[in-house]
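Participant: only geometry, no sequence info:
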């Protein structure tokens, strides 16, 4: 690839394209954020450039709706799901990489097959199962089916496989058993992949909508995404300002995960192990 | 801490044997170098001693105890890998202390040993750095410190210097040697570099073609190679191996070419042999075209000596080492002779055993 100096004309053109794309991508988000500060009357009238900005929508979201409960539910479900996935996926991936057993590759192949089925296709059998287990309308129903994920195992297996073989051999000579090697070397060595999986599973769980909608019927257990939907239909007159404010609140964890994650997703953390 | 190998062999699934019938005895406190070209199975052998690879046949004994089925950790040895195998998420101190911690040794002891090991390799001031903040040579030293901190008296090293540049390699070579002597380690060192083998070893095992070619001290290996392979592997520039036949009507003379004869100090036991002559035992002199038996191809000036590459009239290439700056040029006709030590090999490449050292005189 050669870098040639762009002419001012080309530069203007590429920046114009970038700015347009930025507006297209960020526009709806900014409009949403903006309207969350406007009184509902102004929104209804289409008066988007109103100057009556306030935090009233946020205050009423917290005081008039069970949004705090929803947030708490989601936080609990997502956190437990995240830690469970980290634990079970890393254990399974360890077995697929470092333990030698018969039919290992066949078993892993089967594992991958489950990844190819879309979740929607599994919903009916899953629903039947949790129903007969009596789990409906509770935290368990939103956590137990997601304790592990084929994708997580697949991702961590790839990551574990890229560890230099000498590290395992050095550990063998030092006399580490499997649990020591897993805990003291494999996990810290692959912390970037683990963080990635943590962010992925937390957000996946946070943004889950279809499954909780089918399996929860009360505000006590309803997670935030479904709660948001609930705000809309419970009132005959939709308080759009408040709904926008709630939506903005819901996005906050995603943003936190992204910004915090960025700091850790630096490459080059494992340099110096070999060579 | 002596290590004995008895008829050890290695076979990977369905492949022909990688190693056949390897026997050796490594004494306590000895610097033992296993050397051979790549693919000769030297790393495989080392891994079998370490317990990282299974043993297909024969026995390995450490201190008189058969260890064939013993896990690596129970063999009580340490190992330095070619790629160092440091833990990137731990600093230097913790890298060295890692194995000791894993074995649940008393904290005070660990502190003591790690400090001593780091001091020995001169890394005390770097103890808080991560491996990625170290240079190649420093990483190598961390790996050495890790092996030293361990109290096992057997240390295995798998080409530990091959990732370093030439200058550093010489420096680390001396450091490893001094460390081994100071601690009285029984050290088994694998390398493909004959210079490393010659300079450090008490005994060298030369591996090639699945088998031990020779085991001996560096001077035995160099002076009395058991076969053509060993003779060629040691010494730079390489030894000259020249096919020759016994001169008709003489018991002590060999013809390398019609105009290059060799007079030996004893009777020659075979009619067709290969003569091995080290480049510094060949002589070269300017000659008229009529008397010349070779033509200069190329010369390499090394500073205090010069290598002259020439081709005999028979078409065989020879290397001659001349002191100082030799005044030869390409295509110059020369007279090549031999005065000094020669070695005779039979048609299978094995050394011919003579009653006394073979010398040629002009």
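Facilitator: Nice, I can see it. Since this is a predicted model, take the numbers as computed values, not measurements.

Participant: What strand or helix carries residue 122?
Facilitator: The chain I'm using is chain A. helix A:119-132 (DSSP states H and E).

Participant: and for the next helix or strand after that helix, what are the contacting residues?
Facilitator: Per DSSP H and E, helix A:119-132 leads on to helix A:139-143 as the next helix or strand towards the C-terminus. If you take C-beta atoms under 8 Å, 6 or more residues apart in numbering or on different chains as the criterion, helix A:139-143 is touched by A:73, A:76-77, A:80-81, A:84, A:130, A:135, A:205, A:208, A:211-212, A:215-216, A:221, A:223. Glycine gets a C-beta too; all of them are placed from N, C-alpha and C.

Participant: Any idea what residue B:203 is bridged to?
Facilitator: residue B:32 (DSSP bridges).

Participant: pLDDT wise, what is it at?
Facilitator: According to the prediction, residue B:203 has pLDDT 96.

Participant: now swap in residue A:54 and tell me
Facilitator: Residue A:54 is assigned 83 on the pLDDT scale.

Participant: What of residue A:269?
Facilitator: At residue A:269, pLDDT is 56.

Participant: Likewise for residue B:362?
Facilitator: 59.

Participant: one step back: who wins for neighbours among the contacts of helix A:139-143?
Facilitator: Comparing these by number of neighbours (other C-beta atoms under 10 Å in any protein chain shown), residue A:223 comes first, having 27 neighbours.

Participant: Can you give me the distance of it to chain B?
Facilitator: 35 Å (C-beta to the nearest C-beta, to the nearest Å).

Participant: try residue A:158
Facilitator: 18 Å.

Participant: just the contacts of helix A:139-143 now: which is nearest chain B?
Facilitator: Of all the contacts of helix A:139-143, chain B sits closest to residue A:84, with 24.1 Å by C-beta to the nearest C-beta.

Participant: residue boundaries of the helices in chain B?
Facilitator: Taking DSSP state H, the helices of chain B run over residues B:42-50, B:92-102, B:107-120, B:136-149, B:166-183, B:194-200, B:218-223, B:228-233.

Participant: Only the buried residues of the helix holding residue A:122, if you could.
Facilitator: A:126-127, A:130 (16 or more other C-beta atoms under 10 Å in any protein chain shown).

Participant: most neighbours per residue, which of the helices of chain B?
Facilitator: Stretch with highest mean neighbour count among the helices of chain B: helix B:136-149 (a mean of 24; mean count of other C-beta atoms under 10 Å in any protein chain shown).

Participant: looking just at contacts, which helices and strands does it meet?
Facilitator: Contacts defined by 3 or more C-beta pairs under 8 Å, 6 or more residues apart in numbering or on different chains; DSSP states H and E place helix B:136-149 against strand B:77-80, helix B:92-102, helix B:107-120, strand B:154-158, helix B:166-183.

Participant: For residue 76, grab phi and psi.
Facilitator: I went with chain A, as the question did not name one. Backbone torsions of residue A:76, given as degrees, to the nearest 10, read phi -60, psi -50.

Participant: what's the closest non-adjacent residue to it?
Facilitator: Nearest residue to residue A:76, sequence neighbours excluded (C-beta to C-beta, 6 or more residues apart in numbering or on different chains): residue A:139, at 6.6 Å.

Participant: what's the answer for residue B:5, then?
Facilitator: Nearest one to residue B:5, counting by C-beta to C-beta, 6+ apart, is residue B:24 at 4.7 Å.

Participant: Mind pulling up the pLDDT for the one you found?
Facilitator: For residue B:24, pLDDT reads 93.

Participant: which stretches of chain A have low pLDDT?
Facilitator: For chain A, the stretches with pLDDT under 70 are A:1-4, A:233-237, A:264-275.

Participant: now the closest residue to residue A:6 other than its chain neighbours: how far from residue A:5?
Facilitator: Nearest residue to residue A:6, sequence neighbours excluded (C-beta to C-beta, 6+ apart): residue A:14, at 7.3 Å. Distance, residue A:14 to residue A:5, using C-beta to C-beta, to the nearest Å: 13 Å.

Participant: again with residue B:182
Facilitator: 61 Å.

Participant: hang on, the earlier thing: who has more neighbours out of residue A:14 and residue A:5?
Facilitator: residue A:14 (11 against 6).

Participant: so the more buried one touches residue A:7, yeah?
Facilitator: No. Here residue A:14 does not reach residue A:7: they are 10.8 Å apart, not a contact under C-beta atoms under 8 Å.

Participant: The helix holding residue A:122 packs against which elements?
Facilitator: Other helices and strands packing on helix A:119-132, by 3+ C-beta pairs under 8 Å, 6+ apart, are helix A:210-215.

Participant: Could you list the buried residues of the next helix or strand after the helix it packs on?
Facilitator: Next helix or strand after helix A:210-215 toward the C-terminus (DSSP H and E): helix A:224-234. Buried positions in helix A:224-234, judged by neighbour count with 16+ other C-beta under 10 Å: A:224-228, A:230-231.

Participant: residues near residue 252, how many?
Facilitator: The chain I'm using is chain A. Count around residue A:252 with other C-beta under 10 Å applied: 10.

Participant: I was thinking of chain B, sorry if that wasn't clear
Facilitator: Neighbours around residue B:252, by other C-beta under 10 Å: 14.

Participant: what's the answer for residue B:296, then?
Facilitator: So residue B:296, with other C-beta under 10 Å, has 22 neighbours.

Participant: so how far is chain A from it?
Facilitator: 42 Å.

Participant: so what's that residue up against?
Facilitator: Here residue B:296 is in contact with B:308-310, B:328-332, B:334 (C-beta under 8 Å, 6+ apart).

Participant: quick one: the helices in the stretch 151-275 of chain A?
Facilitator: A:165-174, A:178-181, A:187-189, A:191-206, A:210-215, A:224-234, A:240-264 (DSSP state H, counting those that start in this stretch).

Participant: For residue B:199, find the nearest of these.
Facilitator: Of all the helices of the stretch 151-275 of chain A, helix A:165-174 sits nearest to residue B:199, with 25.8 Å by C-beta to C-beta.

Participant: helices and strands around that closest one, which ones?
Facilitator: Looks like helix A:165-174 contacts helix A:178-181, helix B:42-50, strand B:77-80, helix B:92-102 (3+ C-beta pairs under 8 Å, 6+ apart).

Participant: 7 Å - rerun?
Facilitator: Packing contacts for helix A:165-174, counted by 3 or more C-beta pairs under 7 Å, 6 or more residues apart in numbering or on different chains; DSSP states H and E, involve helix B:92-102.

Participant: Show me how far the helix it packs on is from its chain's centre.
Facilitator: Relative to the centre of its chain, helix B:92-102 is centred 32 Å away, using C-alpha atoms, centre = their mean, to the nearest Å.

Participant: that older thread, would CSV of the helices and strands packed on helix B:136-149 with distance to chain A and mean pLDDT be doable?
Facilitator: Formatted as CSV, the helices and strands packed on helix B:136-149 follow (distance: least, C-beta to the nearest C-beta, whole Å; pLDDT from 0 to 100):
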stretch, distance to chain A, mean pLDDT
strand B:77-80, 5, 91
helix B:92-102, 4, 90
helix B:107-120, 13, 91
strand B:154-158, 9, 93
helix B:166-183, 14, 89
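
Participant: returning to that earlier point: which one of the helices of chain B lies nearest to residue B:243?
Facilitator: Judging the helices of chain B by C-beta to C-beta, what sits closest to residue B:243 is helix B:228-233, at 11.4 Å.

Participant: Which neighbouring elements make contact with the closest one?
Facilitator: strand B:203-208, strand B:211-216.

Participant: again, only this time at 8 Å
Facilitator: So helix B:228-233, by 3+ C-beta pairs under 8 Å, 6+ apart, packs with strand B:203-208, strand B:211-216, strand B:240-246, strand B:272-277, strand B:343-345.

Participant: Quick check: which of those is buried the most?
Facilitator: strand B:203-208 (a mean of 24).
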